[in-house]
Structure formats: C-alpha cells, structure tokens
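Novice: have a look at this fold, sequence not included:
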Ligand code: ADP
Ligand code: MG
C-alpha cells in the first residue's frame, strides 16, 4: 500500500488507529467561529499539508491537536484517547492535566518564529525538555542532541546562542528540539514564513528528510512546491472548514472549488 492509500484508508483500517483523530472540532472566539466542524484523521508515517488564507483557522487547528487550545465542541484523540466534548454536547470524561501533558509530549511543535530559549545554548535548548520530563539523563540527552544537531547540519553550533544564528539555523535547531522528545507526530506552523527567501530551502530540506524517514508530519505552509513534492495529502481550510482535500495533484492542479482556486492563484 502506498502512503497515499494509507491516508485514504486511515479511518477504515481499525487495527491501525490513526496517530491523531479530530472529530467535529468547533472553536469560536466570541462571534468568530474559527473552527467550524473539522473532522480529520492523521495516519502514521504520512505527511499532511494544510493550506488556507490568513485567518482561516490553521494555527488554531494545530494548537487544538496539541491541546494548547480547548475545543468548544468536538474532540481530539491521540492514539484513541479522546479529550474534549463529543457530538450533541455529551461531555467526555475530563482527563486530568497529566493525561493532556502525556499526549502533548508525543507531539512536537515547530513555530513560525522558532521560539528558542534565548538564554540557553543550542545544545541546552535541545536537552531541556527531555531532561525536565525525565526521559533521559543529562549525558544521554547531550549525546542524543549532538546526533540531532548533526542530522540538521549544525554539529558545530552546539555551544552557540540563538541570537548568533541565522533564522534558518534557528529553525533547524527548533526542529532538532522537537525531535529530541521522539514525538510520534510533528506539527509545523508556517515554519519558513519568517525566513529570508534564501534560507527557506535549508529548512524545507530538513523537513523533507524527516518525511522520507517516515515521521508523521502535519505542515501548515504556503510553499506549494514543497506540498507537491512531499505531501501525501493536501487540505485546504477556509473559514474554519475543510473545503477541499486530496492528493497534491488533485488539490493543487485541479481544485474543485472557486475558493481554493482563488487562493492558489494568489500564492502561486
Ligand atoms: P490562520 O493560522 O489560518 O491565519 P488562526 O487560527 O491564527 O488563523 O486564526 C483564526 C481566527 O481566529 C482569526 O480571525 C484570528 O484573529 C482569531 N483568533 C486566533 N486566536 C485568537 C485568540 N486567542 N483570541 C481571539 N481571536 C483569535
Ligand atoms: Mg497561522
């Protein structure tokens, strides 16, 4: 089965539940309905690219997957453990904060603005979480961080501080930091939007490398070339709804809705 087939079958294949399942997700800020009934299953080892205009709810959706955002209605299940509110207002058993933290620890998050700790060295940025979560001893965490830095091409920057690095280098450190928790899924929120154009490629190539080694990825990006090359599935979000989804060729070359076509005309 190809990865694309795996995505299409993700909800049907019961013996392999999706890594993450989002069911009927609704979220409003006041009168602004930001997520308006999102259903989405992310199959293991797949790359999902999310596209959509500014304000369409992309960041809110990623934050909801990571439980940084509480849904009004609907739920997010990581490995089948739902947290949230079911259809028809039926409240799920509230899981303790510790269960939420446990789910969050399985999910890496890479932000548009890197969000590295400015007062820590590159190496300390990467070892901080695994040591704090007691997943690794300090020496194990250091060894693993050195390997990760080599993997993102920054073996010589372990002792540097974030401000001494370019944006592309900082974002590669942020990716190494996400990997240090050995996540089952990594969420990327416009990882190259804050970068000078000449630095975009080095970050995308690290993400491509992760994709090729079977890491499960969800990437919000306007980099259509990247989506075409790497995504198993492309999702177009507009006004809090999934308006269109399918293979890159289907969505990018042959969009079926005017809203998606307009959006692609603007970003291409
Ligand atoms: P996108 O990432 O697609 O640009 P967002 O998910 O960031 O969209 O935001 C969707 C909408 O929700 C926007 O209208 C935004 O202004 C609003 N929004 C996001 N976060 C908040 C918040 N904490 N409080 C109020 N409104 C918010
Ligand atoms: Mg956003």
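Specialist: Yes, it's here. Predicted model only: the values in this text are computed from it and were never measured. Residues are numbered from 1 along each chain as shown. Ligands and ions are numbered 1, 2, ... in the order given.
Novice: and the closest residue to residue 167 other than its chain neighbours, helix, strand or coil?
Specialist: Distance criterion Cβ to Cβ, 6 or more residues apart in numbering; nearest residue to residue 167, sequence neighbours excluded, is residue 195 at 4.7 Å. All C-beta atoms are positioned from the backbone trio N, CA, C, and that covers glycine. Following DSSP: H, G, I helix; E, B strand; the rest coil, we place residue 195 in the coil state.
Novice: thinking residue 195 is in contact with residue 170, fair?
Specialist: No: counting by Cβ atoms under 8 Å, residue 195 stays clear of residue 170, with 9.2 Å between them.
Novice: looking at the two, which one has more neighbours?
Specialist: residue 170 (26 against 21; other Cβ atoms under 10 Å).
Novice: remind me which helix or strand that one belongs to.
Specialist: Per DSSP states H and E: residue 170 is located in helix 167-179.
Novice: which residues are contacting the helix or strand that comes right after that helix?
Specialist: In the C-terminal direction, the helix or strand that comes right after helix 167-179 (DSSP H and E) is strand 185-189. Contacts with strand 185-189, where a contact means Cβ atoms under 8 Å, 6 or more residues apart in numbering, come from 19-20, 42, 58-59, 62, 65-66, 78, 106-112, 175, 178-179, 207, 210, 215-221.
Novice: strand partners of strand 185-189, parallel vs antiparallel please.
Specialist: When pairing is defined by DSSP bridges, strand 185-189 lines up against strand 107-110 (parallel), strand 217-220 (parallel).
Novice: so what's the one residue in the stretch 1-150 of the chain that gets nearest to ligand 2 closest to, chain neighbours aside?
Specialist: Nearest to ligand 2, among the residues of the stretch 1-150 of the chain, is residue 59, at 3.2 Å (Cβ to the ion). Excluding its sequence neighbours, the residue lying closest to residue 59 (Cβ to Cβ, 6+ apart) is residue 189, at 5.5 Å.
Novice: quick one: the residue nearest to residue 167 from residue 174, how far?
Specialist: Separation of residue 195 from residue 174 (Cβ to Cβ, to the nearest Å): 12 Å.
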